[in-house]
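> Starting from these lines, generate the structure:
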Amino acid sequence: MNMDLWLWLTVAAAGAAGQFLDTLAGMGFGALSSTAMVAAGISPVVVVGTVNLAKVGSGLASGLSHWRFGNVQWSWVVPLGVPAVAGGVLAALVLTYLPTQIIRGLVPIALLVMGLLILRRFLSKSAALPLVAGGSQDAVSINPQAPWRVFTRSFWARPSVVWLGSIGFVGGVLNGFSGAFGPFTTSAVVLRQRRHPRFAIGTVNFVEFFVAGAISMVIFSRVAWGSFHWELPVALIAGSVITAPLGAYLSRHLPVRPAGVAVGLALITLNSWSIMRSIL
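Coordinates of the predicted model:
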């Protein structure tokens, strides 16, 4: 009983820490929660299903928090969300048939590279960035652009429908295999747009609610209910709902460069940890 209680408290703490980081930087909930449960010896398929089921509750809290603080870019929701759901459902179906060890080994390396790219962007003095979170939503460029650049900037300065769809699909696939949606999706959207990273973070958190729900339905329609630990998603949700509003508030008020650097450092830290665990 004591062991069960400590396991429940550990998972709840992982949910609280993961959701705070996820709401603040757009990543961390799935990675931290999955790591804790895999270490406890739970089946990887059940872990992914559990994390995504918990994300339905935590994602609702996080999405509403970001909506409340104005962090959701509504024009990105459908182009990003529909392909993400499709990719997540496809990956969840494959997960129930094939081993995912190779995919789990390659994903942290790709995300580590993206973290380095994000750091390079937000540490660069010449990057076109908004000055503060509470300022204009548009980028403030240090060097003025020629008039003709205004007409071609829209494709490169913010994600197009094609880019959002591609990012969403790949993010959904990664979520279906590993339970981690934010690290790739948030970092990819941040790299493709010039607004404050809180818009990428808030929109991805909002979309993740729908992706997690679809993946959960697929997995739990194909696994034995007796092997599912219902207390684990309850613990994750209990921890996550406490920290989601605080993370969303800080995401809204942080200056742009520290927020962007926080995203990059979160990627590098989490995925370096994953790579080291797979090697040692």
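> just for the stretch 151-280 of the chain, where's the confidence low?
Within the stretch 151-280 of the chain, the ranges that satisfy pLDDT under 70 run 151-159, 194, 224-228, 254, 256, 280.
> any idea how far W6 is from A12?
Taken as CB to CB, to the nearest Å, the spacing of W6 relative to A12 amounts to 11 Å. C-beta coordinates here come from the backbone N, C-alpha and C atoms, glycine included.
> swap that for R120, please
With CB to CB as the criterion, R120 and A12 are 36 Å apart.
> Likewise for V241?
As judged by CB to CB, V241 and A12 stand 11 Å apart.
> same check, this time on T243
T243 sits 11 Å away from A12, going by CB to CB.
> Who has more neighbours out of the two?
Between T243 and A12, counting by other CB atoms under 10 Å, T243 is the more crowded of the two (23 against 20).
> contacting residues for the residue nearest to G182 when sequence neighbours are not counted?
Counting by CB to CB, 6 or more residues apart in numbering, M27 is the residue found nearest to G182 once chain neighbours are left out, at 3.5 Å. M27 makes contact with L21, A180, G182, P183, T186, S187, V263, A266, L267, L270, according to CB atoms under 8 Å, 6 or more residues apart in numbering.
> Compare the residues you listed and tell me which is most surrounded.
In terms of neighbour count, P183 stands highest of these at 33 neighbours, by other CB under 10 Å.
> Can you classify that residue as helix, strand or coil?
In terms of secondary structure, P183 is helix; the call rests on DSSP: H, G, I helix; E, B strand; the rest coil.
> Surely it touches L267?
Yes: look at P183 against L267 with CB atoms under 8 Å: they come within range, at 5.8 Å.
> Touching both of the two, which residues are there?
Both P183 and L267 are contacted by M27, L111, M114, under the criterion CB under 8 Å, 6+ apart.
> mind putting those residues in a markdown table, pLDDT included?
Listed next are the shared contacts of P183 and L267 as a markdown table, based on pLDDT from 0 to 100:
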| residue | pLDDT |
| --- | --- |
| M27 | 70 |
| L111 | 75 |
| M114 | 75 |
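> Helices - which of those land there?
When DSSP state H is applied, the shared contacts of P183 and L267 are split such that L111, M114 fall in helices.
> I appreciate the help and will end here.
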